[in-house]
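J.: Got a sequence here, can you model it:
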Amino acid sequence: MAKLKHNFFSAAKDYGLGRIFLSVSFIGSALLAIGFGTFGFYGDSPASFFSNVASNIQIVAIGLFAILFAGFAIVISLSDEKFVRFLQKKKVFVRLLFPFWFDSALYLLAVLSSFLSAWFDGLGLKIAVTFSVWMLLWALLDTFYLVMSTVLFGYYRAEFIEYRKEIEELMAKEDQAKQK
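T.: Below you'll find the predicted structure:
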């Protein structure tokens, strides 16, 4: 079995940890989750409110994951061998695909933590649901970025098709220069 060049953490490093943790989606979701947590911890919300939120998170996260997967399918279907090779040479391919992987992990964390919240009560329930809300909001805001990236991917694919001969000639010259 061939060993993968990239695991999740090395792909995250290649993508850029600053791009992840200084993003609008991270900061926005953290602020919104802090607002939710403040309401939950200091408001007089019954446990049933948090249980309902956890159930809704499961439904929404699973549905949005399906949309995310559809976007990933679009990106993969627009790719051919030469285009992927071109993106890999320009060190762009992993940066294009990693957000799908990352957002899948966020949706997974949202769903799992909302499932686990059923085992808690009181403070544990509030913490687990607040974490679920944060992961869902982060993934949701990041999915907006992915939609934009998918549209741009289609645009770049069209550009590649239009200038394919010129790009292939430049890539061949680069390969020849590296071999010398």
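
J.: Can you pull up the most central residue in this protein?
T.: Asp103 (2.5 Å; Cα atoms, centre = their mean).

J.: I'd like the distance between that one and Leu116.
T.: For Asp103, the distance to Leu116 under the criterion Cβ to Cβ, to the nearest Å works out to 20 Å. (Glycine included, C-beta is placed from N, CA and C.)

J.: next one: Ile76
T.: As defined by Cβ to Cβ, Ile76 lies at a distance of 32 Å from Leu116.

J.: Give me the more crowded residue out of those two.
T.: The residue with the greater number of neighbours, taking Ile76 and Leu116 and applying other Cβ atoms under 10 Å, is Leu116; the counts read 16 against 11.

J.: mind checking pLDDT for the residue nearest to the centre of the chain?
T.: Residue-level confidence at Asp103 comes out at 94, pLDDT.

J.: Secondary structure element for it, which one?
T.: Take DSSP states H and E as the rule and Asp103 turns out to sit in helix 93-116.

J.: buried residues in that helix?
T.: 93-100, 102-103, 106-107, 109-114, 116 (16 or more other Cβ atoms under 10 Å).

J.: now do stretch 68-84
T.: Using 16+ other Cβ under 10 Å as the test for burial, stretch 68-84 gives 68, 71-72, 75, 78-79, 83.

J.: Centre of the chain to that stretch, how far?
T.: Between the centre of stretch 68-84 and the centre of its host chain there is 15 Å, according to Cα atoms, centre = their mean, to the nearest Å.

J.: do the same with stretch 59-77
T.: From the chain centre to the centre of stretch 59-77 is a distance of 10 Å (Cα atoms, centre = their mean).

J.: for this structure, which helix is longest?
T.: Of all the segments of type helix in the chain, defined by DSSP state H, the longest one is helix 123-162.
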